[in-house]
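[1] attaching a predicted model along with its sequence, questions to come.
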Amino acid sequence: MSFGRILGQAQPKQTLKNALQNNSVAHAYLFYGQESIGKKYTAIELAKALNCSESAEGESCDECFSCKKIEKRTHPDFFFIEPVKSTPTAREATIKIEPIRELQRKLAFHPYEGKVKVAVIDDAELMNPQAANSFLKTLEEPPSATVLILVSSHPFKLLPTLISRCQAIQFQPLTPENIKKILKENMSEEAMEENDLNFRTLRSRGSVKKAMTEDMADIANIRQEIVNLLETVSFDRMDIVFSYAKSWARQSDQWEMIFNEMMELVRDLACFRSGCSESEIRNRDIANKLKPLASKRSLKSWLEIFNTIHTTQLALCGNANAQLFFENMLIDFCEAA
């Protein structure tokens, strides 16, 4: 995959091609932007271009042994570190200090087979404090003939001292046209009816992963539940409050989706109430339902509801009584009328 085969990202690709052509590649980069928009693949492409035996005009050939080995992650001068779970039941994957120390040991040697050693740390914000502080020493005194690339979807979680020692390159969300192209190339025709294709594209927010992995039927059902709730919830219908609270409390595996959809919808309702155009609405496919609903409450009320949703989501990250918190949240919806 040469730079030309990476969809979108014209500015990052041109910046890197210019650096390659002018022999001015930085010793360390930070590729940042939302999840699944091409940051990792661009990092791998840069590693190939730096070590390609047939490279020209800042591109890799994709055909030489070096390019093929880097693509397969078997090149002795290409290192790829990503988060792993410490145990199968661990809640989150992390990057611990051991792989960072092993990387530092390997970077101390001259390139074995290629021109430059390249290390990519994917989801770099998931380095634990020990790993991050250890890697900082490598950035402060980078080995010769080495390029280090941090890839992050949440750069604000990185140590400021790490960021300051990298050339930061921002990646943008992919366009709807690019998302559609990727979906058509990677999903079966049976699974991609035109309505589903358009819905996935709209919901992707420019992220390939969101477009390809989210269960659109579940999302559509939950979104409709929330719209129905917002249309009817009031102190006169406390039966609805208790019914939804009881149902959602039992769906702990769906909580992230429920809260995300609630915040997206309420955000759109607040936007409509403040006079935004339909082009600024994220749930544009149901804008005809949301616009009249937005007028039923003041902008202040919608903002209060948004804050209530966020507060409840944070509370449920602990061991809170889920049904009680959902009930309190929906009662607050009623009070915000």
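    In hand now; what should we look at? Because the structure is predicted, anything quoted here is derived from the model rather than measured.
[2] from here on, just use CA atoms for contacts and neighbour counts.
    Noted.
[3] burial of the residue lying closest to Ala294 once chain neighbours are set aside, as a residue count?
    Among residues not flanking Ala294 along the chain, Leu269 sits closest, at 4.8 Å (C-alpha to C-alpha, 6 or more residues apart in numbering). Per other C-alpha atoms under 10 Å, the neighbour tally for Leu269 reads 27.
[4] next one: the one 4 residues further on
    When neighbours are defined as other C-alpha under 10 Å, Arg273 has 21 of them.
[5] do I have it right that it meets Lys296?
    No - at 9.1 Å, Arg273 does not count as touching Lys296 under the criterion of C-alpha atoms under 8 Å.
[6] what helix or strand is the residue nearest to Ala294 located in?
    Using DSSP states H and E, Leu269 sits in helix 255-273.
[7] show me what contacts the residue nearest to Ala294?
    Leu290, Lys291, Leu293, Ala294, Trp302 (C-alpha atoms under 8 Å, 6 or more residues apart in numbering).
[8] which helix or strand contains the third one?
    Leu293 is located in helix 287-294, with elements delineated by DSSP H and E.
[9] before we move on, the earlier item: tell me the confidence at the residue nearest to Ala294?
    pLDDT recorded at Leu269 is 96.
[10] then Leu126?
    Leu126 is given a pLDDT of 95.
[11] partner residues bridging the nearest residue to it once chain neighbours are set aside?
    Nearest non-adjacent residue to Leu126, counting by C-alpha to C-alpha, 6+ apart: Thr94, 5.1 Å away. Beta bridges link Thr94 to Val84, judged by DSSP bridges.
[12] dump the residue contacts of Thr94.
    Pro83, Val84, Lys85, Ser86, Leu126, Met127, Asn128.
[13] am I right that the fourth one sits in a strand?
    No - membership of Ser86 in a strand is not supported by DSSP: H, G, I helix; E, B strand; the rest coil, which gives coil.
[14] the stretch 151-300 of the chain: strands as residue ranges?
    Secondary structure of the stretch 151-300 of the chain (DSSP state E, counting those that start in this stretch): strands at 167-170.
[15] burial count for Ala131?
    Around Ala131 there are 19 other residues, counting by other C-alpha under 10 Å.
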